[in-house]
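1. following is a predicted model, sequence given first.
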Amino acid sequence: MREPLLHFLLLGAILYLIYFALQPQTQQKQLNTLQQSRSISIAKEELSLAQKEYEVLLGKQLDAKMQKALEKELYRKKVLLKAAEALKLSQNDPTIEKIVLQKMYAILNAKNDQTEPSELELEAFYKEHLKDYSKKESLSFSTVHFDKLSKEQAKSFYKLLQNSDPGDLNLTKQTLSIELLNKKFGNYFTQQLLFAPKGAWLDAIPSKNGFEFVYIQDYTTTQAYPFEDVQDRVYRDLKKARQKENFDRELKRLYQLYPQNKE
């Protein structure tokens with residue numbers, strides 16, 4: 001007890017505990033300050049202009065639900081641009097906004113967990129989503145149809161759909177057997193849906209009638225494919241699910257730093 005080294009270590013431990021106890025309060029104060037000073041507003045004129053640009057691009061009017069999705073997309077862009085400014089990726093030059101946004105997406109994706117899943121993790125994911133790896137008999141789904149669609153139009157509209165719930169859009173749900181699905185939409189369309197997950201919007205898929213954005217609500221299945229036969233799919237799906245989870249978590253953190261100011 002008389003050793004000076006022991007006294008030094010005890011004092012250091014006490015100071016560390018005090019710092020550790022006060023740190024969450026300090027961080028919360030910083031977060032509150034950021035929320036007060038960095039709230040984001042979307043002017044009606046800005047939303048109206050963006051709506052007109054989308055309607056010209058898509059060749060159809062946006063209903064109230066899709067307008068809400070557009071507002072969410074504008075808010076997302078503003079959040080990412082604000083964060084990019086904090087990282088000094090942008091000098092408020094509108095001509096490089098697209099590049100800056102791409103950089104922000106890359107930065108958020110770079111924070112994803114890069115560890116490779118183990119065999120046990122793959123098998124656990126396979127069992128947890130067994131229905132996704134089973135032979136399908138019928139599918140219940142909703143679609144948003146376009147007669148014609150360019151690559152730029154598809155990319156823009158797909159982003160809007162990510163902020164939309166099919167239930168809010170009042171879309172008609174169809175339930176078709178695989179045979180009827182093939183007859184109505186074509187073989188290529190059907191094959192894309194056979195291995196697609198439910199509960200998420202799918203990018204534009206060519207069909208007999210044009211192009212369809214698809215949201216699968218549910219499906220009926222028969223027996224599951226053996227794990228060995230779908231292991232590659234399980235690996236890709238697990239990696240994608242982890243990337244989305246990590247990306248969404250980082251985006252949520254940015255939303256807290258840059259809250260939308262509801263006028």
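-> All right, it came through fine.
2. name the residues of the helix or strand containing D229 that are buried.
-> If you go by DSSP states H and E, D229 is part of helix 227-257. By 16 or more other CB atoms under 10 Å, the buried positions in helix 227-257 come out as 230-231, 234-235, 237-238, 242, 246, 250-251, 254. All C-beta atoms are positioned from the backbone trio N, CA, C, and that covers glycine.
3. output these in CSV; the columns should cover pLDDT and distance to L80.
-> Converted to CSV, the buried residues of helix 227-257 look like this (pLDDT from 0 to 100; distance: CB to CB, whole Å):
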residue, pLDDT, distance to L80
V230, 93, 35
Q231, 94, 35
V234, 94, 31
Y235, 94, 29
D237, 92, 26
L238, 93, 26
R242, 90, 21
N246, 88, 16
E250, 87, 10
L251, 87, 8
L254, 88, 7
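4. just confirm L193 is within a helix.
-> Yes - under DSSP: H, G, I helix; E, B strand; the rest coil, L193 falls within a helix.
5. list the residues that contact it.
-> Taking CB atoms under 8 Å, 6 or more residues apart in numbering, we find L193 in contact with 139, 141, 181, 202, 205, 214, 216.
6. and the furthest pair within those?
-> Farthest apart among those by CB to CB are L181 and L202. That separation is 13.8 Å.
7. more crowded one of these two?
-> Neighbour totals were compared for L181 and L202, and L181 leads with 22 against 18 (other CB atoms under 10 Å).
8. what separates the residue lying closest to the more buried one once chain neighbours are set aside from G199, distance-wise?
-> Leaving aside its sequence neighbours, L181 sits nearest to T190 (CB to CB, 6 or more residues apart in numbering; 4.9 Å). T190 sits at a distance of 19 Å from G199 (criterion: CB to CB, to the nearest Å).
9. which one's more surrounded, these two?
-> Ranked by neighbour count (other CB under 10 Å), T190 and G199 place T190 first, with 21 against 9.
10. name the element that one belongs to?
-> Using DSSP H and E, T190 maps to helix 187-194.
11. list the buried residues in that helix.
-> Across helix 187-194, burial judged by 16+ other CB under 10 Å covers 189-190, 192-193.
12. quick check: what element follows that helix along the chain?
-> Downstream of helix 187-194 (by DSSP H and E), the next one is strand 201-207.
13. chain center to the helix or strand following that following strand: distance?
-> Using DSSP H and E, the helix or strand that directly follows strand 201-207 along the chain is strand 210-224. When distances are taken as CA atoms, centre = their mean, to the nearest Å, strand 210-224 is centred 19 Å away from the chain's centroid.
14. fine by me, we can end here.
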